[in-house]
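**Student:** Build me a model:
(2 chains)
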Amino acid sequence: MKKILIIEDDSFLQGLEVAKLKKANYDVITASTGEEGMKQIMTPGIDLILLDIMLPVVDGFEIIKKIRETESTKKIPVIMFSNLSDDKEVKKAKDLGADEFMVKSNFTLEELLEKISSLLK
Amino acid sequence: MDEIEKLKIENEELKKMNAVKSDLISISAHQLRTSLSALKWILRMFIDKDLGKITSEQEGFMQKALDSNERMIVLVNDLLTLNHAENTVIKFNFKEVNILELLEQTLFEFYGESHKKEVELIFLKDYKDLPKVKCDEEMIRVVFQNLIENAIKYSNIKDKVVISLKYSEVNKEIEISIHDSGIGIKEEDKSKIFEKFFRAENAKTKDYIGSGLGLFTTKHIIENHKGKIWFVSDQDNGTTFFVSLPTI
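**Tutor:** Reported below is the predicted structural model:
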């Protein structure tokens, strides 16, 4: 079973993401703040990270920077999943090593599952 | 203090106010999108029966709620694009751009959608090499996206959408045309087509979730590039939009 880490501060959205991913047979772990996310990325065996940008304390950009700088996590696929969509944010995410940038309101969770599955192939 | 100095100060104040307004829209849109995402996801999960069985009547209502939510998402997206376009007037990121390449890249994004709608996209490129245009690449991409998206949206099944380029050495400009054979624009709507929030009645029958901001934003961007945008249209027979941009 593939393990996915969701770093998302909105508890309702996080709940829906967890429900959808678990139903699709993924092992899901979560973090609700950037600080917690920084610790969780070190959990062994993570196959993919779903990362929000606007997070309390430490934002998603800081987290992906850390992920890409750390030997044990630098190859984990990361989907940045946010409701920000300015060119500068998308560019920053890509420059820092995000594999995908998705605007939450423009996708259904079914489409997110498709993206996850294609990145895990 | 002389008049020029006064105007400079006023101008700076206006710029600051514009930046505050722009940030406010951006933050509000982010918050709105979070709620709209939650609604979209939960409704979709109900319709997909992820949360258990529902009756067909319930499903119908959920679908209506989802469609209504989708209209709000489109509106928020279009408002954000417009806000971005209006805000960037002062700081357009002008650089030398190969319009032929930009058009090809933009078209590539639409092949999936046109295939789904059984509309053929044809790009007539009679030129291999064209002078570059000094423009904000991302903003001109938005222009092409809006016009191509509309052409596909308002076409009928099996129609063709034809995109072509023309270069005038005399006027030193590139003219891009996007032609569809779709529903066309009624005579009485022609003068209103670039107005903010305007939506023609026959357009609503093809696409009821549009916000009426796409063409307004498109015109705004083109005019800030010292370009021109116009169209010829015949109701029920299609529309051709033309965009001209000065070359370097």
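**Student:** Around chain B, which positions in chain A sit nearby?
**Tutor:** Counting by C-beta under 8 Å from any C-beta of the partner chain, the residues of chain A close to chain B are A:10, A:12-13, A:16, A:19-20, A:23, A:54, A:83-87, A:103-106, A:108-110. For glycine as for every other residue, the C-beta is placed from the backbone atoms N, C-alpha and C.
**Student:** can you give me the strands in chain A?
**Tutor:** Assigned strands in chain A, in chain order: A:3-7, A:27-31, A:48-51, A:78-82, A:100-103 (criterion: DSSP state E).
**Student:** could those be laid out in TSV, adding mean neighbour count and distance to B:L80?
**Tutor:** Shown next, in TSV, are the strands of chain A (neighbours: other C-beta atoms under 10 Å in any protein chain shown; distance: least, C-beta to C-beta, whole Å):
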stretch	mean neighbour count	distance to B:L80
strand A:3-7	23	24
strand A:27-31	18	28
strand A:48-51	25	21
strand A:78-82	25	13
strand A:100-103	18	10
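**Student:** Next up, phi/psi of the residue nearest to A:S72 when sequence neighbours are not counted, please.
**Tutor:** With C-beta to C-beta, 6 or more residues apart in numbering or on different chains as the criterion, A:S72 has its nearest non-adjacent residue at 7.3 Å, and that residue is A:M42. Main-chain dihedrals, A:M42, degrees, to the nearest 10: phi -80, psi 0.
**Student:** My understanding was that A:M42 contacts A:I67; is that so?
**Tutor:** No: assessed by C-beta atoms under 8 Å, A:M42 is found out of contact with A:I67, at 9.9 Å.
**Student:** Now the helix or strand of chain A with the lowest mean pLDDT: buried residues?
**Tutor:** Sorting the helices and strands of chain A by mean pLDDT, DSSP states H and E puts helix A:87-95 at the bottom, at a mean of 89. Across helix A:87-95, burial judged by 16 or more other C-beta atoms under 10 Å in any protein chain shown covers A:E89, A:V90, A:K92, A:A93.
**Student:** so the last one makes contact with A:F61?
**Tutor:** Yes: with contacts counted by C-beta under 8 Å, A:A93 reaches A:F61, the gap being 7.2 Å.
**Student:** Need the residues touching each of the two.
**Tutor:** Common neighbours of A:A93 and A:F61 are listed as A:I53 (criterion: C-beta atoms under 8 Å, 6 or more residues apart in numbering or on different chains).
**Student:** Max pairwise distance over the buried residues of helix A:87-95: which two?
**Tutor:** Spatial extent of the buried residues of helix A:87-95 (C-beta to C-beta) is set by the pair A:V90 and A:K92 at 7.4 Å.
**Student:** what about B:E188, how many residues close to it?
**Tutor:** Using other C-beta atoms under 10 Å in any protein chain shown, the number of residues around B:E188 comes to 10.
**Student:** quick one: it and B:K53, what's the gap?
**Tutor:** According to C-beta to C-beta, to the nearest Å, B:E188 stands 49 Å off from B:K53.
**Student:** can you check B:D126 too?
**Tutor:** On the measure of C-beta to C-beta, B:D126 and B:K53 end up 58 Å apart.
**Student:** what sits against the residue nearest the centre of chain A?
**Tutor:** Centroid check for chain A by C-alpha atoms, centre = their mean gives A:L50 as the closest residue, at 1.5 Å. Taking C-beta under 8 Å, 6+ apart as the criterion, A:L50 is in contact with A:I4, A:L5, A:I6, A:I7, A:E8, A:E17, A:I79, A:F81, A:L112, A:I116.
**Student:** So which of these is the closest to chain B?
**Tutor:** A:E17 (8.1 Å; C-beta to the nearest C-beta).
**Student:** The residue nearest to the centre of chain A - nearest residue in space that isn't next to it in sequence?
**Tutor:** Nearest residue to A:L50, sequence neighbours excluded (C-beta to C-beta, 6+ apart): A:I6, at 4.7 Å.
**Student:** can you give me the strands for chain B?
**Tutor:** B:94-97, B:120-124, B:133-136, B:160-168, B:173-180, B:228-234, B:238-246.
**Student:** for the second one, which positions count as buried?
**Tutor:** Which is strand B:120-124. Under 16+ other C-beta under 10 Å, the buried positions of strand B:120-124 are B:L121.
**Student:** Now do it against strand B:160-168, angle only.
**Tutor:** Interaxial angle of strand B:120-124 relative to strand B:160-168 (axes from the mean of the first three to the mean of the last three C-alpha atoms, to 10 degrees): 20 degrees.
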